[in-house]
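1. Fold the following for me, if possible:
(2 chains)
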Amino acid sequence: MEITFKLYATLSQYLPAGSVNHSINIKISDSDTAFSLLDKFNVPRESAHLVLLNGVYVNPEDRDKPHFIKDGDTLAIWPPVAGG
Amino acid sequence: MNDEQLLRYSRQMMLPEIDAEGQQRLTDARVLIIGLGGLGSPSSMYLASAGVGHLVLVDFDKVDLSNLQRQIIHSTPDIGRPKTESARETLKTLNPEIKITTIDHALDEKELLEQARLADVIIDASDNFRTRFAINKASVESKTPLVSGAAIRFEGQISVFDPRNDESPCYRCLYNDDVATQETCTANGVIAPLLGIIGSIQANEAMKLIMNIGETLNGKLMLLDVMHMEWNQARLGKDPKCPVCNHF
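-> The predicted model follows:
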């Protein structure tokens, strides 16, 4: 199945060549999870705190759950921000 | 309200959603602002100029030359002064009508809860997760709405956590203790106008909460990347296992 994978802000450096506007369409297997995709792109898990699936925040316990991501989904990741 | 006050606030009072009733709510309101840096500067200045009756300013820090690129409430002659003093002066110049209380030390848990209980809205303009978790706990325990803003480098986030609503998530539902980063603007840098954008939205959300108008960011997280000028909005749910908002 194919999904849109987006890495925002400082995480965009981990996107492969061919990505446009933080975004790339990738083919994934049914067993892939948010965490396995982060690992595939060498994104440190601690830098990827805000995981959004189709614009909805994904709770930490669901980030390694297989079959959570469906064909056509958009998975977007943002780094944590606390400065002010 | 006298003629001068009517004139001062006329451009917002002419908005039917605000009118005299909204202005009176602002006048009667007390807002706790924690942090008088890049976010606390614009948010407190907008709240003061809009006529929020009582601002409680909390910051233990002194003004440093390196602050002035972004902390627009402070000026060059303020270097070395407590930020609370410098901020009070700027805000009093902007609007002598309002009351300002300053606290120039870090609040312990008990003091923070006490201040949260007295406030109508809390603005989190702090710069680290530890303080943010403490503020969130006080907000949840006192059931005082929290307007949370954060910014670093070219990225910003804003949300509202309203514990008066049982379905509302809290800041701890969004971030947990596993957040390893302790990145600060001091160590990582930040572009100044981003703080102005996020801080201004915090003030706007606080005013809406006080006046009970419009729709706030409660249950939503706004994410902004100013390098690519992209706004994103995420829906936040309550974490059923949250150790904070499920406890109180």
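2. Can you show me the strands along chain B?
-> Using DSSP state E, the strands of chain B run over residues B:30-34, B:54-58, B:99-103, B:121-124, B:146-152, B:155-161, B:220-225, B:230-235.
3. What mean pLDDT does the last one get?
-> Averaging pLDDT along strand B:230-235 gives 90.
4. again with the third one
-> Within the predicted structure, the mean pLDDT of strand B:99-103 is 98.
5. Run the chain-centre distance for stretch A:7-23.
-> Its chain's C-alpha centre and that of stretch A:7-23 lie 11 Å apart, by CA atoms, centre = their mean, to the nearest Å.
6. Using CSV, lay out the strands of chain B together with distance to chain A and mean neighbour count.
-> Any C-beta I mention is one placed from the backbone N, CA and C, and that applies to glycine too. Output for those, formatted as CSV (distance: least, CB to the nearest CB, whole Å; neighbours: other CB atoms under 10 Å in any protein chain shown):
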stretch, distance to chain A, mean neighbour count
strand B:30-34, 9, 27
strand B:54-58, 13, 23
strand B:99-103, 17, 15
strand B:121-124, 8, 27
strand B:146-152, 4, 29
strand B:155-161, 4, 25
strand B:220-225, 5, 20
strand B:230-235, 5, 15
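7. if you skip the residues just before and after it, what's nearest to residue 81?
-> Chain wasn't specified; assuming chain A. Nearest residue to A:Val81, sequence neighbours excluded (CB to CB, 6 or more residues apart in numbering or on different chains): B:Ala150, at 4.4 Å.
8. I was after chain B.
-> B:Val63 (5.4 Å).
9. pretty sure that neighbour contacts B:Thr84?
-> No - applying CB atoms under 8 Å, one finds B:Val63 not in contact with B:Thr84, separated by 10.1 Å.
10. ok, now which ones touch the residue of chain A found nearest chain B?
-> Going by CB to the nearest CB, chain B is nearest to A:Gly83 of chain A, at 3.6 Å. Residues counted as contacts of A:Gly83 (CB atoms under 8 Å, 6 or more residues apart in numbering or on different chains) are B:Gly38, B:Asp127, B:Ala150, B:Ala151, B:Ile152, B:Glu183, B:Thr184, B:Cys185, B:Asn188, B:Val190.
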